[in-house]
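K.L.:
Dropping the sequence and predicted coords here.
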Amino acid sequence: MSRLAVVCGGSRGIGRAVSVLLASRGCKVAVVSRNRDAAQATVASLDGADHTAFSCDVSQEQDVQRTFETIHKNQGNISYLVNAAGINRLNVCLLHRDSLLLRTKAEDMVALLHTNLLGTMLTCKAALRSLLHSPGAAIVNIGSVVGHKGNAGQCVYSASKAGLEGFTRSLAKEVASRDVRVNLLAPGFIRTDMTAGLKEEQLRTIPLGRFGEPEEVAKAVLFLLESPYITGQVLVVDGGLQLAM
Ligand code: NAP
């Protein structure tokens, strides 16, 4: 029987590439993002049948609960949860969400933390009962090399991603006895809408000399989802960027 995967932030970028890869491997995919049409467009491009699109803001608890209840009721137990919904200051939908700390408004800090950190906590909580009933279930949260190394102008974004590391390790400990695994994947610069404003000179900071592609991150996500003896780990996918930071 095919596994059910929920991909939050599956309408674009890394989440979209994860949805495409999981569908090509026979998963039923529930694509979640705020923009339903964009989620539906991803669904329309997937191999196979029975994929679904959901409009849901991961930072809103009731929205998240309602969405996961519907997925569970209509499609059964969730095997995989991938948390790729996120924003930063380069996000085309929410410009200038972070910058130097002195210039960052508290309301913008809250908006970013609510999406990147609280959002992942809420989706994990909402999916957990379903995951506990699915043998070999796994969660992959998407962090960032910035969460590990820090970056001037990204205090709040970095804090949200560092928070995800602690959350991932702690949840991994909470659910390991029930054979649910939780890992975090930390990308470097990946070519998506989020990095559309980056200049080519940034390439010089990357040892491999190029941005990563969403499909390259998706392969690593699949590896973590399918590796039955890996939990509580951070996998860096950054072309060597962290070596140079
Ligand atoms: P992206 O192309 O901007 O896509 C972001 C996705 O998240 C979209 O599907 C978006 O859909 C969804 N989203 C944003 N806010 C949401 C919310 N409140 N509720 C539900 N969905 C929401 O970004 P990306 O580059 O693929 O990034 C994916 C993840 O990787 C993020 O967590 C990001 O921080 C992380 N990351 C990216 C890079 C990079 O270089 N690209 C590097 C390190 C880490 P809607 O707008 O329709 O909601």
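P.N.:
Structure received.
K.L.:
rest of the way, CA atoms for contacts and neighbours
P.N.:
Fine.
K.L.:
where in the chain is pLDDT low?
P.N.:
Scanning the chain for pLDDT under 70 picks out the ranges 89-98.
K.L.:
So N77 sits against A5, correct?
P.N.:
No - contact criterion Cα atoms under 8 Å: N77 and A5 do not qualify, at 9.3 Å.
K.L.:
Between those two, which has more neighbouring residues?
P.N.:
A5 (25 against 22; other Cα atoms under 10 Å).
K.L.:
what are the phi and psi angles of the residue with the largest distance to the centre of the chain?
P.N.:
Distance from the centre of the chain peaks at L102, with 28.2 Å (Cα atoms, centre = their mean). Backbone torsions for L102, taken as degrees, to the nearest 10, come to phi -60, psi -20.
K.L.:
Could you check how far it is from Q154?
P.N.:
11 Å (Cα to Cα, to the nearest Å).
K.L.:
do the same with A30
P.N.:
Distance, A30 to Q154, using Cα to Cα: 31 Å.
K.L.:
do A53 as well
P.N.:
Distance, A53 to Q154, using Cα to Cα: 31 Å.
K.L.:
Same drill for those two, tell me which one is more crowded.
P.N.:
A direct count of neighbours by other Cα under 10 Å for A53 and Q154 places A53 higher, at 25 against 20.
K.L.:
List the contacts of the most centrally placed residue in the chain.
P.N.:
Centrality entry for the chain: nearest residue to the mean C-alpha point is A84, 1.8 Å, by Cα atoms, centre = their mean. The contact partners of A84, by Cα atoms under 8 Å, 6 or more residues apart in numbering, come to 7-10, 14-15, 141-142.
K.L.:
same check, this time on V140
P.N.:
81-83, 182-185, 221, 224-225.
K.L.:
What of L185?
P.N.:
If you count contacts by Cα under 8 Å, 6+ apart, L185 has them with 140-144, 220-221, 234-237.
K.L.:
same for the ligand: which of the residues you listed are within range?
P.N.:
142-144 (Cα under 6 Å from any ligand atom).
K.L.:
Let's have the residues you listed in TSV, adding distance to A244 and neighbour count.
P.N.:
Formatted as TSV, the ones next to the ligand among the contacts of L185 follow (distance: Cα to Cα, whole Å; neighbours: other Cα atoms under 10 Å):
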residue	distance to A244	neighbour count
I142	21	26
G143	18	31
S144	15	27
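K.L.:
Torsion angles phi and psi at L4?
P.N.:
Dihedral angles (degrees, to the nearest 10) for L4: phi -100, psi 120.
K.L.:
do the one 3 residues further on as well
P.N.:
Listed backbone geometry of V7 is phi -120, psi 110, with angles given as degrees, to the nearest 10.
K.L.:
Tell me how many other residues crowd it.
P.N.:
Neighbours of V7 under the rule other Cα under 10 Å: 26.
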